[in-house]
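Undergrad: Could you work out the structure for the sequence below:
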Amino acid sequence: MTHTIKGADIARRIRSRVAERVAETSAHGHVPGLATILVGDDPASAVYVAAKRRAIRDAGMRDFHRRLPHHATQSAVAAVIDELAADPDVHGILLQLPLPAPLDAAPLIDRIPAAKDVDGLTTASTGLLARGERGLRPCTPSGVIELLDAEGVGLRGARVAVVGWGQLVGRPLTSLLLHRGATVTVAHAHTTDLAAVTRPADIVVVATGVPALIGPEHISPGTTVIDVGIHRTPHGLTGDVRATELHGIAARITPVPGGVGPMTIAMLLTNTLKAADGDVAPETALARHSPPKAFEPA
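TA: Predicted coordinates:
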């Protein structure tokens with residue numbers, strides 16, 4: 001039998017714990033606040049931000065939101081980030097991606113202070129993760145680790161295949177797994193003989209953005225499979241894994257939807273709470289990172 005990992009249930013428990021902690025801090029006048037920045041009119045981005053804002057309010061946090069038009073300049077977005085970075089009531093800042101052309105996301109993300117980088121995407125946060133120092137981690141990779149922990153899947157010494165080398169999931173997840181003592185092999189959609197990489201693994205995490213890439217030919221009996229992908233098709237939502245074909249082979253598998261997705265918002269709330277508590281980074285040069293003063297106007 002293949003066990004379905006119910007990420008929605010695990011995320012619900014995490015969000016409940018966050019809400020309890022927020023109620024405690026709010027009773028003493030310290031209310032965590034998260035700022036979301038939405039630039040343009042991308043429908044998917046609007047849906048994602050709306051879901052995050054609902055979760056913020058449900059947790060009892062303060063909801064700071066800024067919406068800018070699609071023609072907003074690089075300097076205008078930077079000014080909003082700097083304003084929020086200087087606001088002591090704002091503990092976390094999230095710049096929703098992707099940004100409309102011709103905006104350059106990387107320098108804008110790097111204007112977010114490491115202590116408020118609840119997405120864990122700045123150069124400073126990436127450096128803290130690479131060095132194994134305390135900091136805010138990217139939400140989806142953190143959610144994968146939380147899923148594995150909740151299911152009692154041991155990581156120390158485990159052979160893990162990470163299929164996908166993206167900035168949002170694959171790379172930071174590899175670092176998190178290495179810090180937990182896993183033996184990690186990294187592959188991607190163009191890896192020659194991908195099955196030769198994934199079959200020996202105890203855990204396979206797939207985040208390629210390629211629908212139905214992984215099937216029974218890639219998995220050995222007893223493997224734990226984490227599907228990070230999500231795609232809208234005429235037949236409904238699907239992931240990077242042909243999940244129905246793995247039942248009876250994999251020991252555990254995440255569904256799409258209801259697996260990794262709910263964990264992302266749960267970890268966003270967790271990061272915001274950590275930022276509000278000041279439990280984010282040691283006193284290092286990276287933690288004191290300040291945003292660049294110069295930028296190219298659009």
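
Undergrad: what ranges do the helices span in the protein?
TA: Per DSSP state H, the chain carries helices over the ranges 7-27, 43-58, 74-86, 105-109, 123-131, 139-150, 170-179, 194-198, 243-246, 261-277.

Undergrad: what about the stretch 101-250 of the chain, any weak spots by pLDDT?
TA: Along the stretch 101-250 of the chain, segments meeting pLDDT under 70 are nowhere present.

Undergrad: hang on, the earlier thing: minimum distance to residue 162: which of the helices of the chain has it?
TA: helix 170-179 (5.4 Å; C-beta to C-beta). All C-beta spots, glycine's among them, are computed from the backbone N, C-alpha and C.

Undergrad: Return the set of buried residues in that closest one.
TA: Buried positions in helix 170-179, judged by neighbour count with 16 or more other C-beta atoms under 10 Å: 170, 171, 172, 173, 174, 175, 176, 177.

Undergrad: With stretch 151-163 instead?
TA: So for stretch 151-163, counting by 16+ other C-beta under 10 Å, buried means 151, 153, 155, 158, 160, 161, 162, 163.

Undergrad: Could you verify my assumption that the first one touches residue 253?
TA: No: with contact defined as C-beta atoms under 8 Å, residue 151 does not reach residue 253; the gap is 10.8 Å.

Undergrad: from memory residue 227 sits against residue 252, does it?
TA: No: using C-beta under 8 Å as the test, residue 227 is too far from residue 252 to be in contact (11.1 Å).

Undergrad: Please say which of these two ends up with more neighbours.
TA: Taking other C-beta atoms under 10 Å, residue 227 and residue 252 do not tie; residue 227 has more neighbours (25 against 19).

Undergrad: Which residue is the nearest non-sequential neighbour of residue 210?
TA: residue 189 (4.7 Å; C-beta to C-beta, 6 or more residues apart in numbering).

Undergrad: which residues touch the one you found?
TA: 163, 164, 208, 209, 210, 213 (C-beta atoms under 8 Å, 6 or more residues apart in numbering).

Undergrad: Next: residue 274.
TA: With contact set as C-beta under 8 Å, 6+ apart, residue 274 has these partners: 136, 280.

Undergrad: what's the answer for residue 198, then?
TA: Counting by C-beta under 8 Å, 6+ apart, residue 198 touches 161, 163, 187, 204, 214, 218, 219.

Undergrad: how does it look with 10 Å?
TA: Counting by C-beta atoms under 10 Å, 6 or more residues apart in numbering, residue 198 makes contact with 161-163, 185, 187, 191, 204-206, 214, 217-220, 223, 225.

Undergrad: just residue 182 next, same as before
TA: Neighbouring residues of residue 182 by C-beta under 10 Å, 6+ apart: 148, 154-160, 162, 174, 176, 202-203.

Undergrad: can you rerun that using 7 Å?
TA: If you count contacts by C-beta atoms under 7 Å, 6 or more residues apart in numbering, residue 182 has them with 155, 158, 160.

Undergrad: what's the closest of these to residue 18?
TA: residue 155 (23.4 Å).

Undergrad: What about that closest one? Give its phi and psi, please.
TA: Per-residue torsions, residue 155: phi -110, psi -30 (degrees, to the nearest 10).

Undergrad: hang on, the earlier thing: which of the contacts of residue 198 lies closest to residue 126?
TA: residue 162 (16.5 Å).

Undergrad: right, and that closest one touches residue 183 too?
TA: No: if you go by C-beta atoms under 7 Å, residue 162 and residue 183 don't touch, sitting 11.3 Å apart.

Undergrad: State the distance from residue 193 to residue 146.
TA: 32 Å (C-beta to C-beta, to the nearest Å).

Undergrad: Which residue ranges make up the domains of this protein?
TA: 29-136, 139-261 (automatic domain parsing).

Undergrad: would you list the ones you listed in TSV and tack on distance to residue 267?
TA: Putting the domains of the chain into TSV (distance: least, C-beta to C-beta, whole Å) gives the following:
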stretch	distance to residue 267
domain 29-136	9
domain 139-261	4
